[in-house]
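Quick one, fold the following:
(chains A and B)
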Amino acid sequence: MRVWLCLILSFLILLFGCKAKEDTIKIGVAAPLSGSIAKMGNDFKNGITIAVEEWNSKGGIKGKKIELLIEDDANDPKQAVTVANKLVNLGVTAVIGHFTSSCSMAASEVYHKANVPVINASSTNPQLTQRGHKNIFRICGRDDLQGMVAAMFINSQLNAKRVAIIHDKTTYGQGLADEFKKNIKPPAEVVYYGGITQGEKDFKSVLTTIKSLNPDVLYFGGIYPEGGLITRQARELGITASFISGDALTDVKFVEIAGERAAEGSYITFSPDFTKSDSAKAFLQKYKAKYGEPGPYSVYAYDAANIILKAISESPDTKGSSIIDTMRKSTFTGVLSQYRFDEKGDVTHMPYVVWKITGGKYIEYWKP
Amino acid sequence: MFIQQIINGLTLGSVYSLIALGYTMVYGILEFINFAHGEIYMIGAYLGIIFLTFFTAVGLTTSNIYLSLFLTMILTIAFCCAYGYLIERVGYRPLRYAPRLSPLISAIGISIFLQNFVMFTQGATDKVIRVEALDGFVSVWGINLSYLQVAILTVSFVVMIGLNLFVNKTKIGTAMRATAQDKIMASLVGIDINMIISLVFVVGAGLASVAGVMVAGYYGLVNYHIGYIAGLKAFTAAVLGGIGSIQGAMIGGLILGIVETLGSAYVSSDYKDVYAFLILIVVLLIKPTGLLGQRIEDKI
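So this is what the prediction gives:
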């Protein structure tokens, strides 16, 4: 008897538990909050939190408060799928994330099946929006554009002849490297192309081989821990080639790991410097007061959250299909720029320029 | 360039060797794999950074860099030895006569605990350290040897020779070998088995912490999960050399480092990890006990 009573009670509690939460709009956030790029994941999450707090202080959407369900995918595609299933089961209205391309690609199938709108702020692999998934939108650029800008830059500005390319075998890193390789024009030629393993610390054997090929440009497709170590070890071995890489190196940790001397003069493809605009200043002020120095994707996360929340508020109901329709039809004003989405779910503007590291600081250097 | 690659390989390999020794010594005595060993290496790297930062803050590094590095090393070894002792005391000794799977599970548990403990106390992000004074390198015949590479090679070889002498020439070393051969017999001739087993864990932890400190300085980058890959590679090295054999672990580590380096230099860097395991499989097919391992006769 007592057992039955307990069971019934616990079911009742569960029921009440569900009921109490019905009154919010649930937004899923998936980002790497632990692991080697946890810093970027947390910076990303903080940007979203600020946007949601702003909306909630204005009364939420359609009288409902917005509730964030934040999940850690640990930058592991397997974990990302688990997280995606969990968020879908919790009945989220929309998802912001994931952070890296590997995770976003793996998780996108789950969201696609459930027809949950996903807004992505940082995964740059072209494939993400190329598979006909109508529910996926992305506000950052794509690797094919990023690789193209890098290739244009080394052809026209550095007059490169011999190019060595390393990538980290991930969807993001190799995707970037492949697009870069494809867009290189003569007289520049690729003298080395090879992969390394994410999480490794020693790249001296690859770099010694590269040194013997005497390149004048070294391109790296990957993220900052390996990027920093590669730059540092390359300089230690006496490689003098210009170092150029993608947006995942726009983190001060890169300079720290590589050392200021080794990082000096490195080029990085990234979005234009937004900090000068007024709407950006307000965001940055708020961010710094709350969390300290923002990461490179904090502002993207902020824009992504605002776009999806605006779309939800404008759409007739909170069904996935109506939000998706609204996303495609509307124009959104964010901190970084005006956003319109094309058929695939990509933005319609050109999002990349080249930055240079000078005295340990990132400075916008060249516009294509 | 070939010689440069060999030196790169030796540097990598000597670190593997140092960690592998801990695996092999524990296996030699207890016949089980201490999966928490990689975490000791990771903790060593963290402690190295903590102590070095402390000595830099008090100004010792600028006034006397050698003393600062020496103290960092000694303190890290001391702390890691304590960790090694504690792990054995808490995690394995209560399970000494339990079925063989139990200490193995315990080891995995300790490994998970230590990783999360470090993540919790030190944060999930990468720790970066830079000692400007150690950044230079010497050039001999066109080969660039960084100061830290020289240091790693010298320290590991000195430590390994020291360990060999300790195990083969001292009384305690003899007791260790006796315990490895037959625990009951050794206890009958008056050897304190528990003390010897603790000692093996302490020495193993000390060696791993030496590797940890040097790696932290060499790559300048530490996070809480570096113990996993390093532990796996070192374990491979120990099996390759013949698990249970001390010289085997040293040679296994060096071979592993060189094979990985040459493979990724001359074949393709994409398959760096494959070469290591390929050579492991080949060696095990030809000689199942590893290069220097001996077949353990079933004890009656």
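
Tell me which helix or strand comes right after whatever helix or strand B:Val155 lives in.
Here B:Val155, judged by DSSP states H and E, is contained in helix B:147-169. Sequence-wise, the next helix or strand downstream of helix B:147-169 (DSSP H and E) is helix B:171-181.

residues of that following helix that come out buried?
Across helix B:171-181, burial judged by 16 or more other C-beta atoms under 10 Å in any protein chain shown covers B:Gly173, B:Ala175, B:Met176, B:Arg177, B:Ala178, B:Thr179, B:Ala180. All C-beta atoms are positioned from the backbone trio N, CA, C, and that covers glycine.

what do you get for stretch B:277-293?
B:Ile279, B:Leu280, B:Val283, B:Thr289, B:Gly290, B:Leu291, B:Leu292, B:Gly293.

looking at this, the second one is in a strand?
No: with the criterion set as DSSP: H, G, I helix; E, B strand; the rest coil, the secondary structure at B:Leu280 is helix rather than a strand.

just checking, it touches B:Ala238?
No: using C-beta atoms under 8 Å, B:Leu280 makes no contact with B:Ala238, being 10.5 Å away.

What is the burial count for residue 72?
The chain I'm using is chain A. For A:Asp72, the count of nearby residues is 21 (other C-beta atoms under 10 Å in any protein chain shown).

look at chain B instead
Neighbourhood size, B:Thr72 [other C-beta under 10 Å]: 25.

And the pLDDT at it?
The model reports B:Thr72 with a pLDDT of 91.

can you tell me which helix or strand it belongs to?
Using DSSP H and E, the element containing B:Thr72 is helix B:65-87.

the inter-axis angle of that helix versus helix B:147-169?
Computed by axes from the mean of the first three to the mean of the last three C-alpha atoms, to 10 degrees, the angle separating helix B:65-87 from helix B:147-169 equals 50 degrees.

Can I get helix B:65-87 in CSV? Just the C-alpha atoms.
The C-alpha trace of helix B:65-87 is given here as CSV (Å, rounded to 0.1, in the frame of the first residue of the first chain):
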residue,chain,number,x,y,z
ILE,B,65,66.4,30.4,-13.1
TYR,B,66,68.2,27.1,-12.4
LEU,B,67,67.3,27.1,-8.7
SER,B,68,63.7,28.0,-9.6
LEU,B,69,63.4,25.1,-12.1
PHE,B,70,65.1,22.8,-9.7
LEU,B,71,62.8,23.6,-6.8
THR,B,72,59.8,23.3,-9.1
MET,B,73,60.9,19.9,-10.1
ILE,B,74,61.6,18.7,-6.6
LEU,B,75,58.4,20.0,-5.2
THR,B,76,56.3,18.6,-8.0
ILE,B,77,57.9,15.2,-7.6
ALA,B,78,57.3,15.3,-3.8
PHE,B,79,53.6,16.1,-4.3
CYS,B,80,53.1,13.6,-7.1
CYS,B,81,54.8,10.9,-5.0
ALA,B,82,52.2,11.7,-2.3
TYR,B,83,49.5,11.3,-4.9
GLY,B,84,50.9,8.0,-6.0
TYR,B,85,51.1,6.7,-2.4
LEU,B,86,47.5,7.9,-1.7
ILE,B,87,46.1,6.3,-4.8
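
How far away from the center of its chain is that helix?
Taking the mean of its C-alpha atoms, helix B:65-87 sits 14 Å from the chain's own mean (C-alpha atoms, centre = their mean, to the nearest Å).

what comes up buried for it?
Buried residues in helix B:65-87, defined by neighbour count with 16+ other C-beta under 10 Å: B:65, B:68-69, B:71-73, B:75-77, B:79-81, B:83-84, B:87.

Please tell me how far the helix or strand just after it is from the chain's geometric centre.
Sequence order places helix B:101-122 as the next helix or strand after helix B:65-87, per DSSP H and E. Centre-to-centre, helix B:101-122 and its host chain are 17 Å apart (C-alpha atoms, centre = their mean).

elements contacting helix B:101-122?
Contacts defined by 3 or more C-beta pairs under 8 Å, 6 or more residues apart in numbering or on different chains; DSSP states H and E place helix B:101-122 against helix B:37-57, helix B:226-241.

What mean pLDDT does it get?
Helix B:101-122 comes out at a mean pLDDT of 90.

Next, the angle helix B:65-87 makes with that helix.
Counting by the same axes, to 10 degrees, helix B:101-122 lies at 140 degrees to helix B:65-87.

Dump helix B:101-122 to PDB, keeping only the CA atoms.
What follows is helix B:101-122, C-alpha atoms only, in PDB (Å, rounded to 0.1, in the frame of the first residue of the first chain):
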ATOM      1  CA  LEU B 101      38.700  -7.000 -12.200                       C
ATOM      2  CA  SER B 102      38.000  -5.000  -9.000                       C
ATOM      3  CA  PRO B 103      41.300  -3.000  -8.800                       C
ATOM      4  CA  LEU B 104      41.000  -2.300 -12.600                       C
ATOM      5  CA  ILE B 105      37.600  -0.700 -12.100                       C
ATOM      6  CA  SER B 106      38.900   1.100  -9.100                       C
ATOM      7  CA  ALA B 107      41.700   2.400 -11.300                       C
ATOM      8  CA  ILE B 108      39.300   3.700 -13.900                       C
ATOM      9  CA  GLY B 109      37.300   5.400 -11.200                       C
ATOM     10  CA  ILE B 110      40.300   7.100  -9.700                       C
ATOM     11  CA  SER B 111      41.200   8.300 -13.200                       C
ATOM     12  CA  ILE B 112      37.800   9.800 -13.700                       C
ATOM     13  CA  PHE B 113      37.900  11.300 -10.300                       C
ATOM     14  CA  LEU B 114      41.300  12.900 -10.700                       C
ATOM     15  CA  GLN B 115      40.400  14.400 -14.100                       C
ATOM     16  CA  ASN B 116      37.300  16.000 -12.800                       C
ATOM     17  CA  PHE B 117      39.000  17.100  -9.600                       C
ATOM     18  CA  VAL B 118      41.600  19.000 -11.600                       C
ATOM     19  CA  MET B 119      38.900  20.400 -14.000                       C
ATOM     20  CA  PHE B 120      36.900  21.600 -11.000                       C
ATOM     21  CA  THR B 121      39.800  23.200  -9.100                       C
ATOM     22  CA  GLN B 122      41.800  24.500 -12.100                       C
END
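
Flag every buried residue along it.
Buried residues in helix B:101-122, counted by 16+ other C-beta under 10 Å: B:Pro103, B:Leu104, B:Ser106, B:Ala107, B:Ile110, B:Ser111, B:Leu114, B:Gln115, B:Val118, B:Met119, B:Gln122.

Contact partners for the residue nearest the centre of chain A?
Geometric centre of chain A, nearest residue: A:Ser122, 1.9 Å, by C-alpha atoms, centre = their mean. Shown in contact with A:Ser122 (C-beta atoms under 8 Å, 6 or more residues apart in numbering or on different chains): A:Phe44, A:Phe99, A:Thr100, A:Cys140, A:Tyr297, A:Tyr300, A:Ala301.

Return the residues in contact with the third one.
What that stands for is A:Thr100. A:Pro32, A:Ile37, A:Asn75, A:Ser122, A:Ser123, A:Thr170, A:Thr171, A:Tyr172, A:Ile223.

So for those, which is the shakiest by pLDDT?
The member of the contacts of A:Thr100 with the lowest pLDDT is A:Thr171, at 81.

pretty sure A:Thr250 contacts A:Trp355?
Yes: between A:Thr250 and A:Trp355 there is a contact under C-beta under 8 Å: 7.1 Å.
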